[in-house]
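Asker: Predicted structure and sequence below. I'll ask about it afterward.
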Amino acid sequence: MDDLEKAIIISFESGDSALKSRAVEYCRIMKETPSICSICIDKLWLCNVVQVQFWCLQALQDVLSVNYGSLSLDEKSYVRKSVFSMACLEVIDSENAVRVVEGPPFVKNKLAQVLATLIYFEYPLIWSSVFVDFMGHLSKGAVVIDMFCRVLSALDDELISLDYPRTPEEISVAARVKDAMRQQCVPQIARAWYDIVSLYKNSDPDLSATVLDCMRRFVSWIDIGLVANDAFVPLLFELILSDGMSDEVSGAAAGCVLAMVSKRMDPQSKLTLLQTLQISRVLGLVSGDAESELVAKVSALLTGYAVEVLECHKRLNSEETKAVSMDLLNEVLPSVFRVMQNCKVESTFSIVQFLLGYVSTLKGLPALKEKQLLHITQILEVIRIQICYDPMYRDDLNSLDKVGLEEEDRMSELRKDLFVLLRTVGRVAPELTQHFIRNSLANAVESTSERNVEEVEAALSLLYSFGESLTEEAMKTGSGCLSELIPMILTTQFPGHSHRLVALVYLENITRYLKFIHENSQYIPNVLGAFLDERGLHHQNVYVSRRACYLFMRVVKLLKSKLVPFIDEILQNLQDTLSQLTTMHYASRELSGTEDGSHIFEAIGLIIGLEDVPAEKQAEYLSLLLTPLCQQIEAGVQQAKVANSEDFPVKIANIQFAIVAINALSKGFSERLVTGSRPGIGLMFKQTLDVLLRVLIAFPKVKPLRSKVTSFIHRMVDTLGSSVFPYLPKALEQLLADSEPKETVGLLVLLNQLICKFNSALREILEEVYPVVADRIFDVIPEDVNEAETVNEEIRERIELQRTLYTFLHVIATHDLSSVFLTPKSGAYLDRMMQLLLTSSCNHKDITVRKACVQIFIKLIKDWCAKPYSEEKVPGFQNFMIETFATNCCLYSVLNKSFDFTDATTHALFGEIITAQKVMYEKFGNAFLMYLMSKSFPAAHIPQDLAEQYCQKLQGNDIRGLKSFYQSLIENLRVQQNGGHVFR
């Protein structure tokens, strides 16, 4: 054993060592040796170590793939003859030569890949006889036949098959190889396949299966007559149906028939082929063991056959062909249904797609025949069976542990396509679908089987999904048997209602069909019972009770005033739930986030906030709810102040939940009611706001509390209207204290809401707040507005703050509050604001930001410059706009080639820039024109005549003509100057 062989063996060892690294490096150097081809071939003839054989074959493949063009003719000839001799058992010069083709499969596969690489480069121009020569050696027996099949399969994998991405060059080479093979040797290869399978089907089933798999790969591109003929088809069906045949051979034969069925051809020829196959011969096989390989292959065959028949039915228009294709479909469909009921998940998708196509063809029929109605029923039964959970996961799904969560996710994904199929069936045969669901529910209720929990859940899920396909009118009127189905689910005690899945889908169904209940209010007591007893809010499973809180809120939103007579009953039944939520230790809550129970407060607020509720009762109800929540907050604040580090987060979380609950509760109260007809209610919310503001004072740096209190202030702005004003200075002062960029964003959003609601009435407050905001923000926002790639969380927050600042400034300017920028306290920040707006209007990456900045400038010009030649309200502002803004934003930023006139958003920005120029002319008069003509335009090399035309257009009233002319001017300048001007 020489050094190379030793190095190869060491390089294949597992682990990582210095010796292995040296061995790998030695092998790499040897692979780059000019004589590597002859070295490898010598070792392949003489060395029987499989690692050495594999490495040498891989080295040959690499050399051929990368350096084929640089090899000499003699080297190519030597490699070609040597590897072909190895593959065909031609021994050269030695009786002791190693037979590589008798090695392990991975070595034989690699030899096949080397031959496939040679075929890639040399067939048919250089090595035209490779296939014919190879077939001359098939008489040597199984070893060479196996090798021949491996070469054909490698050629398919490496070049021909479109299952893998191919380069244009590979596609061209594949076409060349296939064309040459069709002309030269494909008929002989097909004959060889037939002879080999006929000869070896009993004596060597593995070889027969290999040959059939190889044939399957080639069917898609060879003449179909070579395999779909009187010789091959009977042989394939004999192999599929023979009792004594191995499943591997039978399955491979089924794969070949599927390849024939799936081959692309014109629909009339396809239909003729499908008829001649007499597929009914194999229909009974799908009744066998669902786990066997043969049943799986026959199932795939029948599904593929059905897909192709359906395609023929769609594409052929004559009555005769449609009748033939429908007969074939009717023949195969029962077996497809059987496959669907027993198949594995991976094959479900393709069958569902076929069934969707089949059902879609029924849409155009005037009436469904008896057999088609039977098929529809079978499809519905298939769907029902497929969506049933396995009882083995029942406990996991109830507790929603890791296993249960994974199973629920898996089933949720599986159900997506099945429910699409259900809804499609529901549109084609709505009454039949409703009757099927009703019967499924009835059977599940009466079932005593161990699967009754899963069967009830599946039936209820069918009803829920079916609802998506119903129109609003059908939902309201209870069309079909819906008027029977909905009362049925409201009045039936379903088995397994204690299980999480059943309880959840039951409540979801009631919520989905609320429009029917809205029109049939006699069922409202049933709905309330379902939500308020152990089926909903009092369910033993916390996932159900919390979800019920959210769904009950949706019920209340739709039924609202219809629930007023039931308020006392509702509150009485919710007393223990509310008490638990307002007093329980937060750490004991098993759920958080969107389903933390707070939706129940929103539901109650929506009911008691109605004007239909008497004023005294309304105040009483609200007090009963707000008082304990405020007490919880006040007690929590005191406890949190003295809590240790371990208890502090829990106390804060308790306060946080109470704030969320109050916020949710307030959503039911309108500004008109609170500030107009019933100010006493407004007073209660003001007192609550006062309590919450004290939380900010106590814990100014606790981010979750700041966020929740800010959210409540937003709510109170909408609820209390202008009566919230006295609380704003204190609130804003606390929110400004020690706020980080993220919190400042929230503050700006609140200020934007206040400005939009109260306009100039907010001026005094804004004059006090703006300088503080400006001082805080201008120090932290990024100086380079385009510094978007240097991202970390802090930079991201500051960029977001900058964006919100633009909106804030825009809102101030467009609500006649620009005088805020000019107060003595704010004046110190005016220059920094103007520079920021200028820079952003010229080159911010977000075009919408640039547009907003230009709009701000337009509004400032209108506010601060009453008319031409009058005394300046803001000294230096006019010069800044003319000399800096007009030049840099209105000219150079537009000249930049990144300014894309074809983009709709950019075109809108361009429109604002034109408006800005028009407004500057109206306010600054000739001073603006003179600067453009004497400074800006000459610097940009704009010809005098075009500059004069621009001035004329600017002075006219045709804004569209001005815009069109200026765009043309800019585009011409870009061509002349090649986009050389950029923002200065």
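Answerer: Noted; the coordinates are in hand. Residues are numbered from 1 along each chain as shown.
Asker: quick one: low-confidence ranges for this protein?
Answerer: When residues are selected by pLDDT under 70, those of the chain lie in 91-96, 289-290, 343-348, 448-451, 583-595, 738, 782-791, 867-870, 977-984.
Asker: What segments of the stretch 401-550 of the chain are helices?
Answerer: Under the criterion DSSP state H, counting those that start in this stretch, the stretch 401-550 of the chain contains helices at 402-428, 430-446, 452-466, 472-477, 482-491, 500-512, 514-519, 524-532, 542-559.
Asker: any chance of these in JSON lines, plus distance to residue 374 and mean neighbour count?
Answerer: Where you see a C-beta, it was placed from the backbone N, CA and C, and this is true even at glycine. Converted to JSON lines, the helices of the stretch 401-550 of the chain look like this (distance: least, Cβ to Cβ, whole Å; neighbours: other Cβ atoms under 10 Å):
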{"stretch": "helix 402-428", "distance to residue 374": "13", "mean neighbour count": "17"}
{"stretch": "helix 430-446", "distance to residue 374": "10", "mean neighbour count": "18"}
{"stretch": "helix 452-466", "distance to residue 374": "19", "mean neighbour count": "24"}
{"stretch": "helix 472-477", "distance to residue 374": "25", "mean neighbour count": "14"}
{"stretch": "helix 482-491", "distance to residue 374": "23", "mean neighbour count": "18"}
{"stretch": "helix 500-512", "distance to residue 374": "28", "mean neighbour count": "23"}
{"stretch": "helix 514-519", "distance to residue 374": "30", "mean neighbour count": "19"}
{"stretch": "helix 524-532", "distance to residue 374": "36", "mean neighbour count": "19"}
{"stretch": "helix 542-559", "distance to residue 374": "38", "mean neighbour count": "21"}
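Asker: Rebuild those as CSV, extending it with distance to residue 959.
Answerer: What follows is the helices of the stretch 401-550 of the chain, written out as CSV (distance: least, Cβ to Cβ, whole Å):
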stretch, distance to residue 959
helix 402-428, 51
helix 430-446, 56
helix 452-466, 55
helix 472-477, 45
helix 482-491, 58
helix 500-512, 53
helix 514-519, 50
helix 524-532, 59
helix 542-559, 47
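Asker: Who are the contact partners of the closest residue to residue 58 other than its chain neighbours?
Answerer: Of all residues not flanking residue 58 in the chain, residue 110 sits nearest, at 6.2 Å (Cβ to Cβ, 6 or more residues apart in numbering). Each residue near residue 110 by Cβ atoms under 8 Å, 6 or more residues apart in numbering is listed here: 54, 57, 58, 61.
Asker: do you know how far the nearest residue to residue 508 once chain neighbours are set aside is from residue 501?
Answerer: Using Cβ to Cβ, 6+ apart and skipping residues adjacent in sequence, the residue nearest residue 508 is residue 464, 5.6 Å away. Note on residue 464: its distance to residue 501, by Cβ to Cβ, to the nearest Å, is 12 Å.
Asker: ok, back up a step: just to be sure, which of the contacts of residue 110 are found in strands?
Answerer: Of the contacts of residue 110, none are assigned to strands by DSSP state E.
Asker: From those, list just the buried residues.
Answerer: Burial by neighbour count, judged by 16 or more other Cβ atoms under 10 Å, picks out 54, 57, 61 from those.
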